[in-house]
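> Model the structure of this input:
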Amino acid sequence: MKKVSESGVKFKSGDWGPKYLIQGPYWEGGIAVIKPGGPTLTTHYHNEVTEAFYFIEGNGKILIDDVAYEVGPGDLVYVEPKERHALINDGEKNLKCFFIKCPYKPEDKVECK
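Below is the predicted model:
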């Protein structure tokens, strides 16, 4: 058993971006926050890893293979391996989601240009 409190974990980019609550051995997951009009999570894909995003608050878009889908609280988006994806906040409040990636393979991320 492992218990983690979100308040005890820092975001990768100060007060926004991803913060990993669990990393391995089988999966990884955490919280991501994108500020309104601010930087987005960069477009990337995974060769073998699947990723799911459950949106908690705010409104924005998730890009999947260059197609924008509106997202908001209560939406879940499942991304297959090799699907390019990014998060964009074009709303007025923080866009916050819980994400899960499986299997645990941190080296599997490929940044797009």
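> ok, and for stretch 104-111, which residues are buried?
The neighbour-count check on stretch 104-111 (16 or more other CB atoms under 10 Å) flags nothing as buried. Every residue, glycine included, has its C-beta placed from N, CA and C.
> Start and end of that stretch, how far apart?
Terminal residues of stretch 104-111 lie 17 Å apart, using CA to CA, to the nearest Å.
> got it, and stretch 93-110?
The first and final residues of stretch 93-110 sit 29 Å from each other (CA to CA).
> swap in stretch 71-90?
The straight-line separation of the ends of stretch 71-90 (CA to CA) is 11 Å.
> what does that stretch contact?
Outside stretch 71-90, the residues that touch it by CB atoms under 8 Å, 6 or more residues apart in numbering are 32, 34-38, 40-66, 68-69, 95, 97, 112.
> Show me which parts of that stretch are buried, residue by residue.
Under 16+ other CB under 10 Å, the buried positions of stretch 71-90 are 71, 77, 79, 84, 85, 86, 87, 88, 89.
> quick one, strands of the chain?
If DSSP state E is used as the criterion, the strands of the chain fall at 17-23, 28-34, 41-46, 50-57, 60-64, 67-71, 76-79, 85-88, 95-102, 109-111.
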